[in-house]
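Student: prediction below, plus the sequence it came from.
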Amino acid sequence: MLTVKDLVKHFPLKAGRFSSSEEKIHALNGVSFTLGKKKTLGIVGESGCGKSTLAKAILGIKPPDSGSVLLSPADTRMQYIFQDPYLSLDPKMQVKDIITEPMRAAGMITKREVAREAERLLELVGLPKDWGTKYPHEFSGGQRQRICIGRAISSRPGIVICDEPVSSLDVSIQSQILNLLLELQEKLEISYIFIAHNIAVVLYMSDIVSVMYAGYIVESAAPQELYANPMHPYTRLLLSVVPEIGKNKRIFEQKITGEVPDLIHIEPGCPFYSRCPVHSDKCRTAIPQLKPGEKEDHSCTCWLYQ
């Protein structure tokens, strides 16, 4: 349904209100992937790696500097679920107007149909259908996120981008929201791009997981394969901090040192070079392309596997 090819996005670095600079922050550095129908692509990485920039570039909120975003069919709708349900709902609007706003904007319903559609959508996301006349401040965080999900699916999108949709919620509520998303995907045949920094959540939700670091996708694989056979040293680092009850945690044999790379002055080699315990001289001078591994649909940008 979606093909993203060589997406690049750089942001000019402003030195001050009345000054300018030719330096740029390299947020995306040639990101490519495909997304199938009723599938979930999970994108995981630490803060600042480019996950949200990628989502906004796909939607055209922050158009990429180069690369392409192709939808099939071309009229496929895309919608967005924001990270913070408290900030993404207008406090002065009733829920029935919030949840049906995409439908009204697209001319899919009339004013007379708002109440009926709102009831249908509220029931779909697990809320009482007669709550449409309430305001956002009357709901808990988990209930607000259900309203945000209802708003996202109201216009019958083919693709929904979920940008950290549970990170601001209590742990006890997170699983409810994740399972709701899975139920809606099965019922409505939606494709998801699921963005998070919690790799355990991404593994649970996704059909394919892509690991991002410093504006690059460094590894992609099915969740079971990624968990059992992580290839890139950064993926191994992420998995080493996932808690496992009753099991010894997998950790690097060597200590992780170094700093996150400078996204303004990009070095020619692998962005993980300074923190990698297994780097070689070749890693300093060039970054490999995303190449397939031994298993199908498992690819990695690391010279160890080229």
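Tutor: Cool, the structure landed.

Student: then stretch 174-186 to CSV, C-alphas only?
Tutor: Output in CSV follows, covering the C-alpha atoms of stretch 174-186 (Å, rounded to 0.1, in the frame of the first residue of the first chain):
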residue,chain,number,x,y,z
GLN,A,174,-1.1,0.5,27.5
SER,A,175,-2.1,-3.1,26.7
GLN,A,176,-5.7,-2.2,26.3
ILE,A,177,-4.9,0.4,23.7
LEU,A,178,-2.5,-1.9,21.9
ASN,A,179,-5.1,-4.7,21.7
LEU,A,180,-7.7,-2.2,20.5
LEU,A,181,-5.5,-1.2,17.7
LEU,A,182,-5.0,-4.9,16.7
GLU,A,183,-8.8,-5.5,16.8
LEU,A,184,-9.5,-2.5,14.6
GLN,A,185,-6.8,-3.6,12.2
GLU,A,186,-8.4,-7.0,11.8
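
Student: can you mark which positions in stretch 104-118 are buried?
Tutor: Buried positions in stretch 104-118, judged by neighbour count with 16 or more other Cβ atoms under 10 Å: Arg104, Ile109, Val114, Ala115, Glu117, Ala118. Using the backbone N, CA and C atoms, a C-beta is placed for each residue, glycine as well.

Student: what strand or helix carries the first one?
Tutor: Using DSSP states H and E, Arg104 sits within helix 101-105.

Student: before we move on, the earlier item: nearest to Tyr86 among the buried residues of stretch 104-118?
Tutor: Nearest to Tyr86, judged by Cβ to Cβ, of the buried residues of stretch 104-118 is Ala118 at 20.5 Å.

Student: pLDDT at the closest one, what is it?
Tutor: On pLDDT, Ala118 comes in at 97.

Student: repeat for Asp163
Tutor: Note on Asp163: pLDDT of 94.

Student: partners of it in the sheet?
Tutor: Counting by DSSP bridges, Asp163 forms beta bridges with Ile195.

Student: surely Leu41 is in a helix?
Tutor: No - using DSSP: H, G, I helix; E, B strand; the rest coil, the assignment for Leu41 is strand, not a helix.

Student: mind listing what it touches?
Tutor: If a contact means Cβ atoms under 8 Å, 6 or more residues apart in numbering, then Leu41 has Phe33, Leu35, Ser191, Tyr192, Ile193, Phe194, Ser206, Asp207, Ile208, Val209, Ser210 as its contacts.

Student: all set, thanks.
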